[in-house]
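Novice: Sharing a sequence plus its predicted fold:
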Amino acid sequence: MALGSGMYVVAAFTTGMSLITLYFLAFIEDKIQC
């Protein structure tokens, strides 16, 4: 149970960081174009 929960937290954290990174890069590209 603990191991499964930990893996879920790691997966959620990794996914969240990936989405934030993609959003940040898109925001920077938009600012550069303007």
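Specialist: It's in.

Novice: what helices or strands is the helix or strand where residue 23 lies leaning on?
Specialist: Using DSSP states H and E, residue 23 falls within helix 2-33. Contacting helix 2-33 under the criterion 3 or more CB pairs under 8 Å, 6 or more residues apart in numbering; DSSP states H and E is no other helix or strand. In this view, the C-beta of every residue, glycine as well, is placed from N, C-alpha and C.

Novice: how far is it from where the chain is centred?
Specialist: 0 Å (CA atoms, centre = their mean, to the nearest Å).

Novice: Residue 21 versus residue 32, what's the distance?
Specialist: 16 Å (CB to CB, to the nearest Å).

Novice: So which of the two has more stuff around it?
Specialist: More crowded of residue 32 and residue 21, by other CB atoms under 10 Å: residue 21, with 10 against 7.

Novice: From residue 11, how far out is the most centrally placed residue in the chain?
Specialist: Central residue check for the chain by CA atoms, centre = their mean: the C-alpha nearest the mean position is that of residue 17, 2.1 Å away. Residue 17 sits 11 Å away from residue 11, going by CB to CB.

Novice: just residue 33 next, same as before
Specialist: For residue 33 relative to residue 11 (CB to CB), the value is 33 Å.

Novice: Pick out whichever of those two has more residues nearby.
Specialist: Taking neighbours as other CB under 10 Å, residue 33 and residue 11 compare with residue 11 leading, 10 against 6.

Novice: All set, thanks.
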